[in-house]
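J.: Give me coordinates for this.
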Amino acid sequence: MIYEYYTQYFIPCAKAAGVKWKDPTIPSFEEFKQRMNGGEEMPWIPASTYTWQVDSLSIGDTTTEEGKQFWKRCPADPPHEYLYP
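T.: Numbers count the residues shown, from 1 in each chain. You can find the predicted model right below:
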């Protein structure tokens, strides 16, 4: 579910806001599962600002109105009703 949320909602929403990632490659679902369950220090989490390019960080800065609005439009996690229908 979280992979689907990232690829079908969060990434398009964040791209529309101007977010660029250090590594823009989207892994396959199988690779995503392996990375998330494999204990990687930095698994593929596109909503993590650690994975964003430096010039994109201001977009998600929660201390600014722009950043607050971004996270309202593009939440880092899916709504509970999406995870628990």
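J.: For stretch 66-84, what is the distance to the chain centroid?
T.: Here stretch 66-84 shows a centroid-to-chain-centroid distance of 10 Å under the convention C-alpha atoms, centre = their mean, to the nearest Å.
J.: neighbouring contacts of the helix or strand of the chain with the lowest mean pLDDT?
T.: Sorting the helices and strands of the chain by mean pLDDT, DSSP states H and E puts helix 80-83 at the bottom, at a mean of 76. Outside helix 80-83, the residues that touch it by C-beta atoms under 8 Å, 6 or more residues apart in numbering are Met1, Ile2, Tyr5. The way it works is simple: take the backbone N, C-alpha and C, and place the C-beta from them, glycine included.
J.: And for the second one, nearest residue in space, chain neighbours not counted?
T.: Nearest residue to Ile2 in three dimensions, chain neighbours excluded: Pro78, at 6.9 Å (C-beta to C-beta, 6 or more residues apart in numbering).
J.: do Phe32 as well
T.: Tyr3 (5.0 Å).
J.: quick one: that neighbour is in a helix?
T.: Yes: assignment of Tyr3 by DSSP: H, G, I helix; E, B strand; the rest coil places it within a helix.
J.: didn't it look like it was pressed against Glu31?
T.: No: with contact defined as C-beta atoms under 8 Å, Tyr3 does not count as touching Glu31 (9.9 Å).
J.: What count of nearby residues applies to the residue nearest to Ile2?
T.: 17 (other C-beta atoms under 10 Å).
J.: for it, helix, strand, or coil?
T.: coil.
J.: And it, how far from Pro12?
T.: 14 Å (C-beta to C-beta, to the nearest Å).
J.: Between the two, which contacts overlap?
T.: In contact with both Pro78 and Pro12: no residue, using C-beta under 8 Å, 6+ apart.
J.: quick one: low-confidence parts of the chain?
T.: 40-41 (pLDDT under 70).
J.: residue boundaries of the helices in it?
T.: Along the chain, the segments classed as helices by DSSP state H run 2-5, 11-17, 29-37, 65-73, 80-83.
J.: Mean neighbour count and distance to Asp55 for the ones you listed - can I get that in a markdown table?
T.: Output for the helices of the chain, formatted as a markdown table (neighbours: other C-beta atoms under 10 Å; distance: least, C-beta to C-beta, whole Å):
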| stretch | mean neighbour count | distance to Asp55 |
| --- | --- | --- |
| helix 2-5 | 15 | 25 |
| helix 11-17 | 15 | 13 |
| helix 29-37 | 13 | 25 |
| helix 65-73 | 13 | 14 |
| helix 80-83 | 10 | 30 |
